[in-house]
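>>> Sequence plus predicted model, see below.
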Amino acid sequence: MQRIEDPRGRIERLEEEIAALEESAVRCGKIMRAAQIATSVGIVALAAIFLGFLRVGGMGFVFAVSAVLIGIVLYGSNRSTRDVLRRDAAQKRAARDALIDQLAPRTVH
């Protein structure tokens, strides 16, 4: 026998899910900012190396290139993840709003 869930309970669960999705999206945004910084630092370091302002060995060059590549990959993957999280949150908001409309709440003056 299938149990029918109370709409208020479903709304509450949807709001918890929306909050969790939004929190994850914010975390992705923070990682994206860190990735942009890593990419920028790597680009500046590479420019300084190529222009002769910074003298480093092979490992310094490898670290600069790695910072650029890792920053680009981190930014891209977290951006796409953030977009999916935002889309999921929007769908859950729409479902929550539909449930609220079904309850037909009255405005109290």
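Perfect, I can see it now.
>>> What's the separation between Glu12 and Asp6?
Using C-beta to C-beta, to the nearest Å, one gets 9 Å for the distance from Glu12 to Asp6. From N, CA and C alone the C-beta is placed, and that goes for glycine too.
>>> between the two, which one's more packed in?
Shown here are Glu12 and Asp6; by other C-beta atoms under 10 Å, Glu12 has more neighbours (12 against 9).
>>> Report the secondary structure element holding the more buried one.
Here Glu12, judged by DSSP states H and E, is contained in helix 7-51.
>>> and if you look at Asp88?
For Asp88, the host element (DSSP H and E) is helix 58-103.
>>> just checking, what packs against that helix?
In terms of contacts (3 or more C-beta pairs under 8 Å, 6 or more residues apart in numbering; DSSP states H and E), helix 58-103 is packed against helix 7-51.
>>> Which elements pack onto the helix it packs on?
helix 58-103.
>>> the inter-axis angle of the helix it packs on versus helix 7-51?
Helix 58-103 and helix 7-51 meet at an angle of 160 degrees, taking axes from the mean of the first three to the mean of the last three C-alpha atoms, to 10 degrees as the criterion.
>>> Would you check the distance separating helix 58-103 from the middle of the chain?
Remark: helix 58-103 is offset 3 Å from the chain centroid, using C-alpha atoms, centre = their mean, to the nearest Å.
>>> Mean confidence (pLDDT) on it, please.
Mean pLDDT, computed over helix 58-103, is 96.
>>> and the gap between Gly57 and Val68?
18 Å.
>>> Checking Glu5 next. Helix, strand or coil?
Per DSSP: H, G, I helix; E, B strand; the rest coil, the secondary structure class of Glu5 is coil.
>>> Quick one: residues contacting it.
Glu5 is in contact with no residue at all, counting by C-beta atoms under 8 Å, 6 or more residues apart in numbering.
>>> ok, now how distant is it from His109?
32 Å.
>>> same check, this time on Leu103
Applying C-beta to C-beta, the value for Leu103 to His109 is 19 Å.
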